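Chemist: what follows is a predicted structure for the sequence shown.
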Amino acid sequence: MSRSDVDVVVVGAGFAGLYLLHELREHGFTSRVLETGDDVGGTWYWNRYPGARCDISTTDYQFTWDPELHDEWTWSEKHATQPEILRYAQHVARKHDLYSGIDFETRVTGAVWNEDSKKWTVTTSKGEHITCRHYVMATGCLSMPKEPDIPGTDRYQGPVHVTGRWPHEGVDFTGQRVAVIGTGSSGIQSIPLIAEQAAELVVFQRTPNFSVPALNGPRPEDRAARLKQDRATYEAEARLSTSGVPVVPSTTPALAVAPDTAREMMEAAWQRGELLALGATFMDVGISRTANEVVSEFVRSKIRSIVKDPATAELLSPRGYPFGTKRPCMDTNYYETFNLPHVRLVDLNSSPIRSITETGIDFGDESKEFDSIVYATGFDAMTGAIVAVDIQGRDGITLKEKWENGPLTYLGLTSVGFPNLFMITGPGSPSVLSNMMVSIEQHVDWIRDTLIAMRDGGFETIEPTPLAEEGWRAHCEDCASITLFQDTNSWYMGANVPGKPRVLFPYIGGVGRYRRICDEVMARGHLGFELSGAGGTRRNDGVVREIQPDVESVLEMMATLGLPPIEAMSPVEARAFSEASSAVRPPGPAVGEMVDGTLPGAAGPLEYRLYRPASSGPHPVVVYFHGGGWVFGSHVSDDPLCRDLCAQADVAIVSVNYRHAPEDRFPAAALDGYAALRWVAANAASLGLDPTRIAVAGWSAGGNVAAVAAQMARDNGGPELCGQLLLTPVTDGSRQHQSHTDNAEGYILTKSLMEWFWNHYADPADRSNPLASPLLATDLSGLPPAMVVTAQYDPLRDEGDAYAEAMRRAGVLVEHLRAKGHTHTSITMVDMLPSGVPPRRAMAAALRRFFG
Ligand code: NA7
C-alpha cells in the first residue's frame, strides 16, 4: 500500500480514532491515523492534572464493540482516573495492533479538497502530503485549550500549568503559594488535591458551578449486575437513552410533589453520586425555570451545609443561571476544601484580575505573589480543534470561514461544500451532552457503513445538500429553543471564547432520538446527501426531521399506550374518553376570574365560561368555540388554551358550548355559534366587557364554527367583529386535500377520525354548504381581519391554508402562521409542549392587534 495515498485519513488517536482505525481495517479500507501526541488516548492523554477523572461511571464509559474487553479489563473504581482510562486506551490499542496504524507526533497543518481528483490532500507537520478519498476529524470536543484572555499572562516568570496540557511527570506543589484560575470541571477536580500539597491556595472564581459529589468507590452494583445479566439489553438501552447512560426518565414534574417529598427525591439522587442523577429527578428540570429552581436551590442548600463560612458558601453558590445549562461538575471534597485555613476564594466579579505580573497576580486592590499559577480556564470547545486545521473545501472556502456565524453541519457529521469530510462527535451531534463512548461508537459505525455503502454503490463522493443542512440547523434550533440552555453563558453556547458565535453547539434532542434519525437517513438511502461516482450522481434531497421534538415525544409516548382509535368508539364512549384525557393535563395559567353561566342558543340554553384577565376592564371579548369534531368537547374542554389566551392577550374569553352531533347534526353547531356570538355582543356591557371590541376564535371544529359565525355576522347585520382567530380549522368537507393523505395517520387527528366526525355532523350533500365548509362561500370579502394557524402535520393543513389564501385574495387582512413541526392538537397542549409557546404567543399578539 502507498502510505501517501490512502482511502481514509483520520486525525486523532483518542477513543474515536482508535475504534475507527479498527473498523477501517476490518472492512478493507487503507488508512493513516495522524496524532499530535506521542501516544494514544486523546483527552485522556492530555488532561493529566491531579484529580482528573471521568464523570461517567465505568460501567458506561467503555467500549462495547469488543465484548472480550469486558472480561479482560476490570475497572478499579466507579469513576475511573485519567491514568486508568489512559491504560485502557493503550490496552485496546495493543490488543488490536492499532499502534502500527498511527503516526504519532504528527500534526495536521492543512487539508485541501481537490475537485478534479475527488480527493483530499492532507499536509502534516512533518512536511508530508497525503492524499485520501475520505478525511475524518476525530479530534475530540475539548481538545483545544482556550487562548489565555487575562491581561499579563505572558509576564509571569514562575511555572505556569494549564490543566488541559499537564506535564507528564506531574507537578509537586508542596509548600508553594498556588493560584488556580477557573472553577469548571478541571478546576473543581484539581483544587482539592492541589490544596493537599500547597502551603497556600487562592482560587479565582468567575462563575460558581453546580457540583455534585462523586462518592467514588467500587462501580455501582445495580448497574454492574444489570450489565452482567444482560449486556445486550443494557447497551441497547444506553444507545436509545437521552444521554447515553441507561436512566429511566422521570415522569414527575418538580412542582407536582410536596416540597418535603421533592427534597427526599433529590437527596436520594445526590446520594447516588452520579452526574446525571440529580437533573433526572424531575422531568422538567431542563425546560422549566421554576422546576429547575427547585434543584438549583437544593444544591445551594448543600453548599451552605458543607461550607462553614457563610460568605464563602454564598460566593460558591451558583445563581442567575439554571442547573445543568453550564456543564455540572462532579467533585471529591471540593466544597469541603474551602473550610481549610490555607485555602481562599476570590470572587472575580468583585475583585477582578487587573493583571498577571512577573511574580503573581494583581486583583481587586491587592497584589499577591505566587510560586505557581494554574490555568483551569477551559477549551475552545466543539469547533476549536476542527477549525484550527486549515480545511479548504470546494471552491477554496475554509470551514472556519463557513462557520464564522456558527457551525453548519448535517447531523453533526458532514458539511455542505466539504465532500467526503466527516466529523466524529461534531457540532450538531449529541457529543458533549452525552456519554462520549456511546456517541463515538455510533458515529464510527455510521461512517463505516456509509463508506461501505459508497464502495458497494460505486460512489466516490458524498456531500449533504443545502436543504438537508438547513433542515438540520432548524431542527437543532427547535430542540435548543425548548430548553433553558440558550440564556446561559456557557461553553456549550460558545460564550467562554470571546468572539465565538452564540449558538448551542451540541445537539440537545437526545442520544436515542439522534441515533434513530441517523439510522433513518441511512435506511432512506442517505436522505439529504448527494452521492457521485463514475456511474453517475444520486441526489436524495430532503429534510429528515421537521416535527418539533417535544411533539414527536408525545406521539411516541401515545404510540406506546396502544389506545383504541376514537372512530372505533361510540360518540358516548368518545366523549368519556375525551373527558378522561382532559382531566390529567396541566390546568394552564391563572386568570383573574372564571365565571360559568348559560346563554340562549338557537334552540335552547348553552353553557359558557367567561375567563376574565386579572387587569382592570372593561376588556375586549373573544367568543371562543371548542374543538372536538362537533361530537365531543364543551365550553370547558379547552380550558388551558382559553386561560392561556386570556392571560397572554389580556382579553376576556367567553367559551361557549354548542349542540353536538350526532344528536344535533348540521347546522345546529353553526346556528348555535352565531346565536351565542349575538348574545355575547348584546350582553357584553352587562358582563362588564367592552361591547365595541368583539372577536371570534376557535380550534378545529370550533375554528369551523368561528369562521362560519364570522360569515353569518357579516351577512346578517352584525355584530361587527374586530377579528377572527382560527386555529387548525375545518374549512372544507366537500373534497379531499393533499394533507388529508400526507398526514392521514400518526398525528393524533387521522383521516379516518375526520371522516367519522363529518359523518356524524353533516350529510355529504350538506358539506358543500358554506355553513359547513366556509371555504366554499362565494364571497369572502368584508370579513374581519383573521389570523389562521395551520400545522404542518395536520390532515386539515391544506384546507386551513386554502382558507387563509382565499380570504387574502378577497381583500381580508390575514396573518397566516404555518406552525412548523406541529400537529392538529399540539399547539393546544399548554404547559406540556414548550414548542407550542411561540405559536400561542403569536395568537395572543394577533388578538391584541385585533383590538388595537
Ligand atoms: P470549563 O468548564 O470551561 O471551565 C473553565 C473555568 O475557567 C470556568 O470557571 C471559567 O469561568 C473560568 N474562566 C475562563 N476564562 C476565564 C478568565 N478569563 N478569567 C477567569 N476565569 C475564567 O473548562 P474545564 O476544563 O474545567 O472543563 C471542561 C470540560 O471538561 C468539562 O465540562 C467536562 O466536560 C470535562 P466562566 O464559567 O466562563 O465564567
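Modeler: Yep, it's here.
Chemist: could you report the pLDDT at the residue of the stretch 351-500 of the chain at minimum distance from the ligand?
Modeler: Residue of the stretch 351-500 of the chain nearest the ligand, by CB to the nearest ligand atom: G378 (2.5 Å). Glycine gets a C-beta too; all of them are placed from N, C-alpha and C. pLDDT for G378: 97.
Chemist: one more: R354?
Modeler: On pLDDT, R354 comes in at 98.
Chemist: one step back: does the residue of the stretch 351-500 of the chain closest to the ligand touch I188 like I think?
Modeler: No. Between G378 and I188 there is no contact under CB atoms under 8 Å: 11.9 Å.
Chemist: the more surrounded of these two?
Modeler: Shown here are G378 and I188; by other CB atoms under 10 Å, I188 has more neighbours (24 against 20).
Chemist: not counting sequence-adjacent ones, nearest residue to that one?
Modeler: Leaving aside its sequence neighbours, I188 sits nearest to C329 (CB to CB, 6 or more residues apart in numbering; 4.4 Å).
Chemist: cool, and L833?
Modeler: In space, L833 is closest to D550, 4.6 Å off (CB to CB, 6+ apart).
Chemist: distance check, that neighbour against M283.
Modeler: Noted for D550: a distance of 11 Å to M283, by CB to CB, to the nearest Å.
Chemist: which of the two has more residues huddled nearby?
Modeler: D550 (21 against 16).
Chemist: so that one, which state does it fall into?
Modeler: At D550 the chain is in helix, as set by DSSP: H, G, I helix; E, B strand; the rest coil.
Chemist: OK, contacts around it?
Modeler: 482, 832-835 (CB atoms under 8 Å, 6 or more residues apart in numbering).
Chemist: isn't I482 right next to G836, touching?
Modeler: No. Here I482 lies out of contact with G836, judged by CB under 8 Å, at a distance of 9.6 Å.
Chemist: between the two, who's got more neighbours?
Modeler: Higher neighbour count among I482 and G836: G836, with 24 against 21, using other CB under 10 Å.
Chemist: how near is the more buried one to S481?
Modeler: 12 Å.
Chemist: what residues are up against V554?
Modeler: V554 neighbours (CB under 8 Å, 6+ apart): 826, 829, 832-833.
Chemist: most neighbours among those, please name it.
Modeler: Taking other CB under 10 Å as the neighbour criterion, S826 ranks highest of those with 27 neighbours.
Chemist: just give the closest residue to it, not the sequence neighbours.
Modeler: Leaving out its chain neighbours, the residue that sits closest to S826 by CB to CB, 6+ apart is V551, at 4.5 Å.
Chemist: look up phi and psi at the residue of the chain at minimum distance from the ligand.
Modeler: The ligand sits closest to G184 of the chain, with a gap of 2.0 Å, by CB to the nearest ligand atom. Dihedral pair for G184: phi -90, psi -160, per degrees, to the nearest 10.
Chemist: low-confidence ranges in this structure?
Modeler: 1 (pLDDT under 70).
Chemist: what parts of it come near the ligand?
Modeler: The chain comes close to the ligand at residues 142, 149-150, 163, 181-187, 206-207, 327, 348, 376-379, 432, 491, 496, as judged by CB under 6 Å from any ligand atom.
Chemist: so of the residues you listed, which ones are in helices?
Modeler: 185-187 (DSSP state H).
Chemist: before we move on, the earlier item: and the residues of the chain next to the ligand, which of them are buried?
Modeler: Restricting the residues of the chain next to the ligand to buried positions leaves 142, 150, 163, 181-187, 206-207, 327, 348, 376-379, 432, 491, 496, with burial counted as 16 or more other CB atoms under 10 Å.
Chemist: about what we covered before: taking the contacts of V554, tell me the two that lie furthest apart.
Modeler: Greatest spacing in the contacts of V554, by CB to CB: S826 and M832 (8.8 Å).
Chemist: can you give me the neighbour number for the residue nearest to I188?
Modeler: When neighbours are counted by other CB under 10 Å, C329 registers 20.
Chemist: mind checking the backbone torsions on it?
Modeler: Dihedral angles for C329 - degrees, to the nearest 10 - are phi -110, psi 170.
Chemist: tell me the contacts of the residue nearest to S826?
Modeler: Contacts of V551 by CB under 8 Å, 6+ apart are 793, 821-823, 826, 833, 835.
Chemist: columns secondary structure on top of those, output as JSON lines?
Modeler: Shown next, in JSON lines, are these (three-state DSSP):
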{"residue": "Y793", "secondary structure": "strand"}
{"residue": "G821", "secondary structure": "strand"}
{"residue": "H822", "secondary structure": "strand"}
{"residue": "T823", "secondary structure": "strand"}
{"residue": "S826", "secondary structure": "helix"}
{"residue": "L833", "secondary structure": "coil"}
{"residue": "S835", "secondary structure": "helix"}
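Chemist: can you give me the strands in the stretch 351-500 of the chain?
Modeler: Remark: strands assigned in the stretch 351-500 of the chain by DSSP state E, counting those that start in this stretch are 353-356, 360-363, 366-369, 372-375, 390-392, 421-423, 461-464.
Chemist: deepest of these, which one?
Modeler: Comparing these by mean neighbour count (mean count of other CB atoms under 10 Å), strand 421-423 ranks first with a mean of 26.
Chemist: which strands and helices sit next to it?
Modeler: strand 129-137, helix 436-457 (3 or more CB pairs under 8 Å, 6 or more residues apart in numbering; DSSP states H and E).
Chemist: out of those, which is the most enclosed?
Modeler: When those are compared using mean count of other CB under 10 Å, strand 129-137 is most buried, at a mean of 22.
Chemist: what's the most distant pair in the contacts of V551?
Modeler: Top of the distance list for the contacts of V551 (CB to CB): Y793 and L833, 13.1 Å.
Chemist: show me the helices in the stretch 51-200 of the chain, by range?
Modeler: Assigned helices in the stretch 51-200 of the chain, in chain order: 68-72, 82-95, 185-197 (criterion: DSSP state H, counting those that start in this stretch).
Chemist: looking at these, which one is packed in the most?
Modeler: helix 185-197 (a mean of 23).
Chemist: ok and it relative to helix 82-95, angle-wise?
Modeler: Taking axes from the mean of the first three to the mean of the last three CA atoms, to 10 degrees, one finds that helix 185-197 is oriented at 120 degrees with respect to helix 82-95.
Chemist: ok now helix 185-197, how far from the chain's centre?
Modeler: 32 Å (CA atoms, centre = their mean, to the nearest Å).
Chemist: dump that helix to CSV, keeping only the CA atoms.
Modeler: What follows is helix 185-197, C-alpha atoms only, in CSV (Å, rounded to 0.1, in the frame of the first residue of the first chain):
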residue,chain,number,x,y,z
SER,A,185,-14.7,20.6,36.0
SER,A,186,-10.9,20.7,35.7
GLY,A,187,-10.6,23.3,38.5
ILE,A,188,-13.1,21.6,40.7
GLN,A,189,-11.4,18.2,40.3
SER,A,190,-7.9,19.5,40.8
ILE,A,191,-8.4,22.1,43.6
PRO,A,192,-8.8,19.7,46.5
LEU,A,193,-5.6,17.8,45.5
ILE,A,194,-3.6,20.9,44.9
ALA,A,195,-4.8,22.1,48.3
GLU,A,196,-3.4,19.0,49.9
GLN,A,197,0.1,19.9,48.8
